[in-house]
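# this one's structure only:
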């Protein structure tokens, strides 16, 4: 078994039955790892011309291993890395007997990764929902530069701290205003380690370019040019101000920090409206995530759908429409397989 081993391990950790995890609708984030991995591989194939068969791929922050398994099933030669030994054990269970994947516990921003892999080892590096958890992004992208071959590319997806939706409720902790505060102020609203470091879009544009990844193609995954209007964005920012008036601040200092952050956010939005094109404003503020590809000068990043050039951002491709998909549980498992499993 493979996914079944993973489910059994997860159920034991949670002290519930595997059947309870399988019957939940929707499936929990860990339990949906394989389905999400398959969906991402399918998304890649809808965005750009890509043949994963035989390609050497590094899955950074592989967590439960679903994406690594999906990439392997698509024919890639996959290595998965994560800083968490527990996640790697989950990933190894998930891939057992069905996918030949090389898993390692290592920090992708540390020099230790260069001891694991030779220079230029990979054709594709995937950093999906990882960048916001890395403090030292300079070292991370420097390592990517070292690991990527001369025609390689990177796929990335990172939350947009400038989305008014995330300002109203931060995506990980669901706390109002967190994204508008500097990370060293988060402890006022989140009295525990956050491991989340939001940065503006320009940060990633600059850092990829600096480390010899000059090509960038963003994907309008959320169709912001169709769904968002400047009026809608203006109303969302007004909602932030309305919520700030009645928000139960823990003390006067936090109130000052957060309200200053909100005003700064509003002023930057108004400046962008006055000085930049409408497409720039829609993409910068309407996107919940920034999704795209960065590549070597020699990389073939060939979009499959129309592309628009936006001043200040660059090339943004339309997303391809996903195929109709009915809900199915992750493949390779059934309730009957767990009939004799006991709760740990």
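Great, that's in hand. The structure displayed is predicted, hence computed values, not measured ones.
# mind listing what residue 14 touches?
Counting by Cβ atoms under 8 Å, 6 or more residues apart in numbering, residue 14 touches residue 21. Using the backbone N, CA and C atoms, a C-beta is placed for each residue, glycine as well.
# To which secondary structure element type does residue 58 belong?
Under DSSP: H, G, I helix; E, B strand; the rest coil, the three-state class of residue 58 is strand.
# Surely residue 76 and residue 50 touch.
No - Residue 76 lies out of contact with residue 50 (Cβ atoms under 8 Å); the separation is 10.0 Å.
# overlap in contacts of the two?
Taking Cβ under 8 Å, 6+ apart as the criterion, residue 76 and residue 50 both touch residue 124.
# Looking at those two, which is more packed in?
Remark: of residue 76 and residue 50, residue 76 carries more neighbours, 25 against 20, as counted by other Cβ atoms under 10 Å.
# show me what contacts that one?
By Cβ under 8 Å, 6+ apart, the neighbours of residue 76 are 52, 53, 54, 55, 56, 57, 124.
# Then residue 225?
Counting by Cβ under 8 Å, 6+ apart, residue 225 makes contact with 279, 282, 283, 308.
# Out of the residues you listed, flag the one nearest to residue 105.
residue 283 (36.4 Å; Cβ to Cβ).
# Now for that closest one, how many residues are close by?
Counted with other Cβ under 10 Å, residue 283 comes out at 24.
# And the one 4 residues further on, by the same measure?
Counted by other Cβ under 10 Å, the residues lying close to residue 287 total 22.
# likewise the one 5 residues further on?
The tally of other residues near residue 292 (other Cβ under 10 Å) stands at 26.
# coming back round to it: greatest separation within the contacts of residue 225: which pair is it?
Maximum pairwise distance among the contacts of residue 225 (Cβ to Cβ): 11.0 Å, between 282 and 308.
# Just want to know which of the two has more residues nearby.
residue 282 (21 against 15).
# helices and strands around the helix or strand where the more buried one lies, which ones?
For residue 282, the host element (DSSP states H and E) is helix 278-286. Contacts defined by 3 or more Cβ pairs under 8 Å, 6 or more residues apart in numbering; DSSP states H and E place helix 278-286 against helix 224-227, helix 230-246, helix 252-275, strand 307-310.
# possible to save those as a markdown table with mean pLDDT?
A markdown table is the format used below for these (pLDDT from 0 to 100):
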| stretch | mean pLDDT |
| --- | --- |
| helix 224-227 | 92 |
| helix 230-246 | 93 |
| helix 252-275 | 94 |
| strand 307-310 | 97 |
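# Include distance to residue 146 when you put the ones you listed into CSV, please.
As requested, the helices and strands packed on helix 278-286 are exported to CSV (distance: least, Cβ to Cβ, whole Å):
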stretch, distance to residue 146
helix 224-227, 34
helix 230-246, 39
helix 252-275, 35
strand 307-310, 30
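# any weak-confidence spans in the stretch 101-250 of the chain?
Along the stretch 101-250 of the chain, no part satisfies pLDDT under 70.
# What segments of it are strands?
Using DSSP state E, counting those that start in this stretch, the strands of the stretch 101-250 of the chain run over residues 102-105, 122-128, 148-159, 215-220.
# Mean neighbour count and distance to residue 22 added to those, as a markdown table?
As requested, these are exported to a markdown table (neighbours: other Cβ atoms under 10 Å; distance: least, Cβ to Cβ, whole Å):
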| stretch | mean neighbour count | distance to residue 22 |
| --- | --- | --- |
| strand 102-105 | 16 | 24 |
| strand 122-128 | 22 | 25 |
| strand 148-159 | 21 | 27 |
| strand 215-220 | 22 | 32 |
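# so which of the ones you listed gets nearest residue 185?
For residue 185, the closest of those is strand 148-159, at 18.3 Å, according to Cβ to Cβ.
# Which elements pack onto that closest one?
Using 3+ Cβ pairs under 8 Å, 6+ apart as the contact test, the elements touching strand 148-159 are strand 122-128, helix 201-210, strand 289-295.
# Kindly present those as a markdown table, with separate columns for distance to residue 2.
Converted to a markdown table, those look like this (distance: least, Cβ to Cβ, whole Å):
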| stretch | distance to residue 2 |
| --- | --- |
| strand 122-128 | 20 |
| helix 201-210 | 34 |
| strand 289-295 | 28 |
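# nearest to residue 216, of these?
Judging those by Cβ to Cβ, what sits closest to residue 216 is strand 289-295, at 5.2 Å.
# Within the sheet, what are the partner strands of that closest one, with directions?
Partners of strand 289-295 in the sheet, by DSSP bridges, are strand 148-159 (antiparallel), strand 215-220 (antiparallel).
# Tabulate these (CSV), appending distance to residue 178.
Below are those laid out as CSV (distance: least, Cβ to Cβ, whole Å):
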stretch, distance to residue 178
strand 148-159, 11
strand 215-220, 25
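# looking at the ones you listed, which is closest to residue 249?
strand 148-159 (24.2 Å).
# so that closest one versus helix 201-210, what angle?
If you take axes from the mean of the first three to the mean of the last three Cα atoms, to 10 degrees, strand 148-159 sits at 180 degrees to helix 201-210.
# Run through who's touching strand 148-159.
With contacts defined as Cβ under 8 Å, 6+ apart, strand 148-159 is touched by 44, 120-132, 144, 166, 171, 198, 204, 208, 213, 215, 288-296, 298-301.
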